[in-house]
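Engineer: Below is the structure, and that's it, no one-letter string:
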């Protein structure tokens, strides 16, 4: 049935103009005569009571959290913890890389972005901290190695194919390789090699001095020098002034004199080039 146009009760206590097809926006609050043959139109569920007012849009739900972002965040966190543990540091680096990549991928997927952003931040922070800690550890290890070099120490030089012999056990004719010492090194033993191996030094005279009190370094040096020069020609076969070979001495220090009763002076030949064989009767 077609309802003719006119003012009708729209169910809200007001009268609204019906244009024959639908409600209009024209509303009156005063009484209006109603057509005698027109029935009262009640709004139905399919016919809104106020056609002029549009329905409100549905409220959209919050997007879900991206699972990929969560996985990336967890991987980055585990990597940050593992990278500082020496036994599993390599696994930590791998987790940091995986967490970073997954977090980046999650930013391009539907879902909340904060897990991906947090994963990227943690992964980058972990890499920076791990690099700083590694650099500091390497620098510390290098410094410790310089302070305590191995193998051996100042009193025990190590030379290939040599045998470390204490001063008290050195004998005339022992051949020594060249070893560079610092001024403050306290030497307690020397490397001895077979004389048919390349070497530059050779023990040629050993003697002891008497006395209870330490005579002083200068006095010992004069005693050592004079006696070693006297014995030079008898061993080498030519005088010290004419020889191309030099010598040096080992003598007691104040500490060894009083602590160990050291009274021994060693006269040691020195060649400026490596030689093989003994310098005894070298005659040059």
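Structural biologist: Nice, thanks for sending it over. Model, not experiment: these values are computed from the prediction.
Engineer: alpha carbons only for contacts and neighbour counts from here, please
Structural biologist: Fine.
Engineer: show me where pLDDT drops low in the chain?
Structural biologist: Applying pLDDT under 70 to the chain flags residues 1, 30-61, 146-160, 183-184.
Engineer: So which residues of the stretch 51-200 of the chain form strands?
Structural biologist: 163-166, 175-176, 189-192, 199-208 (DSSP state E, counting those that start in this stretch).
Engineer: packing partners for the second one?
Structural biologist: Going back to what we said before, that points to strand 175-176. Where contact means 3 or more CA pairs under 8 Å, 6 or more residues apart in numbering; DSSP states H and E, strand 175-176 is packed against strand 189-192, strand 199-208.
Engineer: Do I have it right that residue 173 meets residue 278?
Structural biologist: Yes. Under the criterion of CA atoms under 8 Å, residue 173 makes contact with residue 278 at 7.3 Å.
Engineer: quick one: common contacting residues for the two?
Structural biologist: Residues touching both residue 173 and residue 278 (CA atoms under 8 Å, 6 or more residues apart in numbering) are residue 202.
Engineer: on that earlier part again, just name the most buried of the strands of the stretch 51-200 of the chain.
Structural biologist: Neighbour counts (mean count of other CA atoms under 10 Å) averaged over each of those peak at strand 175-176, with a mean of 27.
Engineer: Can you tell me the element residue 233 falls in?
Structural biologist: Residue 233 belongs to helix 217-236 when assigned by DSSP states H and E.
Engineer: re the thing from before, as JSON lines, the strands of the stretch 51-200 of the chain with distance to residue 64 would be great.
Structural biologist: Formatted as JSON lines, these follow (distance: least, CA to CA, whole Å):
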{"stretch": "strand 163-166", "distance to residue 64": "75"}
{"stretch": "strand 175-176", "distance to residue 64": "80"}
{"stretch": "strand 189-192", "distance to residue 64": "76"}
{"stretch": "strand 199-208", "distance to residue 64": "80"}
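Engineer: what's the closest of the ones you listed to residue 246?
Structural biologist: Closest approach to residue 246 among those is made by strand 199-208 (9.4 Å; CA to CA).
Engineer: So in terms of bridging, what pairs with residue 206?
Structural biologist: The partner list for residue 206 in beta bridges (DSSP bridges) reads residue 266.
Engineer: Spit out the contact partners of it.
Structural biologist: With contact taken as CA under 8 Å, 6+ apart, residue 206 is in contact with 171-172, 264-267.
Engineer: For PyMOL, what selects the buried ones among these?
Structural biologist: Listed next is the PyMOL selection for buried residues among the contacts of residue 206, using 16 or more other CA atoms under 10 Å:
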select buried, resi 264+265+266+267
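Engineer: In the contacts of residue 206, find the pair that's most separated.
Structural biologist: Among the contacts of residue 206, 172 and 264 lie farthest apart (CA to CA), at 13.0 Å.
Engineer: what about residue 186, distance to residue 245?
Structural biologist: Distance, residue 186 to residue 245, by CA to CA, to the nearest Å: 26 Å.
Engineer: Of the two, give the one with the bigger neighbour count.
Structural biologist: Neighbours of residue 186 and residue 245, each counted by other CA atoms under 10 Å, are more numerous for residue 245; the result is 22 against 13.
Engineer: in terms of contact, does that one touch residue 274 like I think?
Structural biologist: No. Applying CA under 8 Å as the test, residue 245 and residue 274 come out as separate, 11.6 Å apart.
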